[in-house]
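Enquirer: fold the following.
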Amino acid sequence: MEISESHLQPGAIHELEEHEKHRYLTCEKKGVFLLLMIAAGMMGAYTYNLRGNVFCNAQTANVVLMAMALGKGEWQQGLYYLLPISAYVAGAFVSDFLPNPVKRMHLLRWDTFLVGVEIIVLFIIGCIPLTVTDRVVQVMINFICSMQYNTFRKAEGIPMATTFCTNHVRQIGISISIFIRHKDRNSLRRALSHIFMLLVFLGGGILLTVCCTFFGAKAIWFALVPLGINFVILAHADVTLERNRLAEKPEGHGD
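Expert: Purely as a prediction, here's the structure:
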């Protein structure tokens, strides 16, 4: 049950904030999600600018394009979209199947392991010349975006999508409405959290668009910076402060 801060004294509010701070795992912290959003904005700008004018962060566009192609009788083009959609399905499957085997290793959390995989995949993508068919890179990014989306679900209790923005836009509107109707400061904080996520996603896209002009295929390596910072933060928590919490699941995850 969520307690309204309006009914708490300043000292009680401070205690509540301290409790919430230690309640969440590092992989659930908003700072980690912000860095993931920056990287996702970069990946979206990269695939659109240099790898076929598509967005690989989500699959709504691919489903719509598939429907349009099939509607026009362009069967080969329409059936192609099964490839990126299947890659997204595979990413969701892997990110749901592997956490338990990784947990049994007692080394790092799956969340940390995933960020490491993303770093390796994006490094490899930066080595792939632009002359190679764009579909190779598109499928690779579809796969890791799906895993990231399915793995990082809540930032300090707030549902978040780290690879696209639709949910953030919706949540901003809902949170503002709740604040106006109920004067609930928590809803205002939620709105600000989603606004920050949108802004950093936008910033990542702007930065990568500029980098694409100067660095070509290797521009995606700039996404390794926020991901690298995240990996260090998460790995440090896994081997020190949260060593005894490796088996603990983040909020929003089932069995």
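
Enquirer: could I get the full set of helices for the chain?
Expert: Using DSSP state H, the helices of the chain run over 10-23, 30-50, 60-71, 75-80, 82-97, 99-103, 110-127, 134-151, 166-182, 185-215, 224-239.

Enquirer: who touches the residue nearest to the spatial centre of the chain in this structure?
Expert: A centroid search over the chain (CA atoms, centre = their mean) returns residue 162, at 2.5 Å, as the residue closest to the centre. By CB atoms under 8 Å, 6 or more residues apart in numbering, residue 162 lies in contact with 33, 36, 37, 40, 148, 149, 152. Any C-beta I mention is one placed from the backbone N, CA and C, and that applies to glycine too.

Enquirer: sorry, back to before: now tabulate the helices of the chain in TSV and tack on mean neighbour count, mean pLDDT and distance to residue 249.
Expert: Shown next, in TSV, are the helices of the chain (neighbours: other CB atoms under 10 Å; pLDDT from 0 to 100; distance: least, CB to CB, whole Å):
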stretch	mean neighbour count	mean pLDDT	distance to residue 249
helix 10-23	10	55	13
helix 30-50	24	97	16
helix 60-71	14	93	28
helix 75-80	13	92	37
helix 82-97	17	95	12
helix 99-103	15	91	8
helix 110-127	20	98	10
helix 134-151	22	96	11
helix 166-182	14	94	21
helix 185-215	18	95	22
helix 224-239	18	98	14
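
Enquirer: closest to residue 252 out of those?
Expert: Taking CB to CB, helix 134-151 is the member of the helices of the chain nearest to residue 252, at 10.1 Å.

Enquirer: could you find the closest non-adjacent residue to the residue nearest to the centre of the chain?
Expert: Once flanking residues are discounted, residue 162 sits nearest to residue 36: 4.1 Å by CB to CB, 6 or more residues apart in numbering.

Enquirer: quick one, what contacts residue 29?
Expert: Residue 29 is in contact with 155, 156, counting by CB under 8 Å, 6+ apart.

Enquirer: now swap in the one 10 residues further on and tell me
Expert: Remark: with contacts taken as CB under 8 Å, 6+ apart, residue 39 is in contact with 118, 204, 223, 226, 227.

Enquirer: so the residue nearest to residue 162 makes contact with residue 149?
Expert: No: Residue 36 is beyond contact range of residue 149, at 9.6 Å (criterion: CB atoms under 8 Å).

Enquirer: I figured residue 77 was touching residue 69, is that so?
Expert: Yes: assessed by CB under 8 Å, residue 77 is found in contact with residue 69 at 4.4 Å.

Enquirer: ok so, going back, take the contacts of residue 39 and lay them out in TSV including distance to residue 138.
Expert: As requested, these are exported to TSV (distance: CB to CB, whole Å):
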residue	distance to residue 138
118	16
204	18
223	15
226	21
227	19
